[in-house]
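**Student:** Take this sequence and fold it.
(one chain, ligands or ions: 1)
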Amino acid sequence: MFDVAKAREDFPILHREVNGRPLVYLDSAASAQKPRAVIAAMTHAMENSYANVHRGLHALANETTEAYEKARENVRVLINAASASEVVFTKGTTEAINLVASSLGQSLGAGDEVVLSVMEHHANIVPWHMLRERRGVEVKFIPVTDVGELDLVAYRNLLGPRTRMVAVSHMSNVLGTVNPIAEIVRDAHAVGALALVDGAQAVVHGRVDVQALDADFYAFSGHKLYGPTGVGVLYGKADRLASLPPYQGGGEMISRVTLDAVTYADPPHRFEAGTPPILEAIGLSAAIEWLSALDRDAIAAHERSLYDRIKAGLNGANWIHEIGRAPGKGAIFSFTMEGAHAHDIAQILDRYGVAVRAGTHCAEPLLDRFGVTSSARASFALYNTLEEADSLVEALHKTRTFFS
Ligand SMILES: *Cc1c(COP(=O)(O)O)cnc(C)c1O
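**Tutor:** So this is what the prediction gives:
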């Protein structure tokens, strides 16, 4: 059993009130709250050991560089990469995917195809649309079934000799669906395509092994993983990163610059132009250490019980329509309520101290697929309790009285 009460003690923010009621934070899929270990690590660095990385010969620069590179190693262990040099720090998932699309895109053009899915976050759609606009690359989408799974038969039919890249999410931020990534990657490789995985949600809720998945690229953000904003990760297989041209130019990413020539540094530094998110990487490093000391399987079971509790509490509530009912889905509950707009639902729930998200969740094609323009979403983290799940159910029943 996961000790949620003990875990909650690590999160100062969870003790505050909203509208005179205890905060019930059910918006962790948008961004998770931060444990004291993360706050302390960043404060400690600023108070005791801070300088720019990689270019100093003084004590503080060396200490900070060590902490920054240790963060890289902690990420390596978290996702079981073969080498820390396969870990590139970015601003987040969005920048990681833009990096790949932009760098790989330099060698793509008309006749080349990229396969995405209808359940992607805009972060894994728009960069590829930009390649379509700029370079004439064709973008294709794997359809989503009524329960919210990828149609894998249709996927295989989309693959062909012109497929250069398959980019799909490991876990949907709207549906909670966990996709069979190893299988998807294997099929992509079978036609000679690369595979990129958007792991922004999956890395939070389960264990990720990039070698077992065999993905060429894997992207995630620090702030959803209980770490700070402003830092994320692009994992890339060593040979894939080595074959990609640089993304941005500047300091730290070169090996030699003269007035008429430049040679680039090897990965990962080739892709980290300018001063990197140093404090943020240190914060992410602390988040990974803190999370890794907990029982990840017990956390997954706990999050599952929160979802089950809400489902049980809303059993028979035919005025709630859940979007995404895939077997084995993660702890995300997206829904619409009859006669109510999602924004109104979120505002009324907020009066009861319950924080949920409402809108398109940066996944407009997916909402189009389900014939809605917006939905509400409750998403769970390890610090949520069964009582909070009950609070949501109770607040939803009260919300309904406003609309019926
Ligand atoms: C949040 C999210 C993103 C975007 O992450 P950023 O931190 O905003 O860059 C991409 N994909 C999924 C599945 C997400 O949940």
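**Student:** and residue 395, what does it touch?
**Tutor:** 348-349, 352, 354 (Cβ atoms under 8 Å, 6 or more residues apart in numbering). For glycine as for every other residue, the C-beta is placed from the backbone atoms N, C-alpha and C.
**Student:** Tell me the most packed of those residues, by neighbour count.
**Tutor:** residue 354 (27 neighbours; other Cβ atoms under 10 Å).
**Student:** Spit out the contact partners of the spatially closest residue to it that is not a sequence neighbour.
**Tutor:** Distances taken as Cβ to Cβ, 6 or more residues apart in numbering put residue 24 closest to residue 354, at 4.4 Å, once the chain neighbours are dropped. Each residue near residue 24 by Cβ under 8 Å, 6+ apart is listed here: 352-355, 384, 388, 391-392.
**Student:** Among those, which lie within strands?
**Tutor:** 354-355 (DSSP state E).
**Student:** farthest-separated two in the contacts of residue 24?
**Tutor:** 352 and 384 (15.3 Å; Cβ to Cβ).
**Student:** circling back: the ligand: which of the contacts of residue 24 is nearest?
**Tutor:** The closest of the contacts of residue 24 to the ligand turns out to be residue 355 (Cβ to the nearest ligand atom; 16.3 Å).
**Student:** Would you mind measuring from the closest one to residue 307?
**Tutor:** Distance, residue 355 to residue 307, using Cβ to Cβ, to the nearest Å: 17 Å.
**Student:** now swap in residue 53 and tell me
**Tutor:** In terms of Cβ to Cβ, residue 53 sits 41 Å off from residue 307.
**Student:** before we move on, back to that, mind putting the contacts of residue 24 into JSON lines with distance to residue 235 and pLDDT?
**Tutor:** Output for those, formatted as JSON lines (distance: Cβ to Cβ, whole Å; pLDDT from 0 to 100):
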{"residue": "352", "distance to residue 235": "40", "pLDDT": "94"}
{"residue": "353", "distance to residue 235": "38", "pLDDT": "94"}
{"residue": "354", "distance to residue 235": "35", "pLDDT": "97"}
{"residue": "355", "distance to residue 235": "31", "pLDDT": "97"}
{"residue": "384", "distance to residue 235": "28", "pLDDT": "98"}
{"residue": "388", "distance to residue 235": "33", "pLDDT": "97"}
{"residue": "391", "distance to residue 235": "37", "pLDDT": "97"}
{"residue": "392", "distance to residue 235": "34", "pLDDT": "97"}
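**Student:** Any chance of JSON lines for the contacts of residue 24, columns distance to the ligand?
**Tutor:** Output for the contacts of residue 24, formatted as JSON lines (distance: Cβ to the nearest ligand atom, whole Å):
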{"residue": "352", "distance to the ligand": "25"}
{"residue": "353", "distance to the ligand": "24"}
{"residue": "354", "distance to the ligand": "20"}
{"residue": "355", "distance to the ligand": "16"}
{"residue": "384", "distance to the ligand": "17"}
{"residue": "388", "distance to the ligand": "21"}
{"residue": "391", "distance to the ligand": "24"}
{"residue": "392", "distance to the ligand": "20"}
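**Student:** Give the single residue among the contacts of residue 24 positioned nearest to residue 249.
**Tutor:** When these are compared against residue 249 (criterion: Cβ to Cβ), the nearest one is residue 355, at 40.8 Å.
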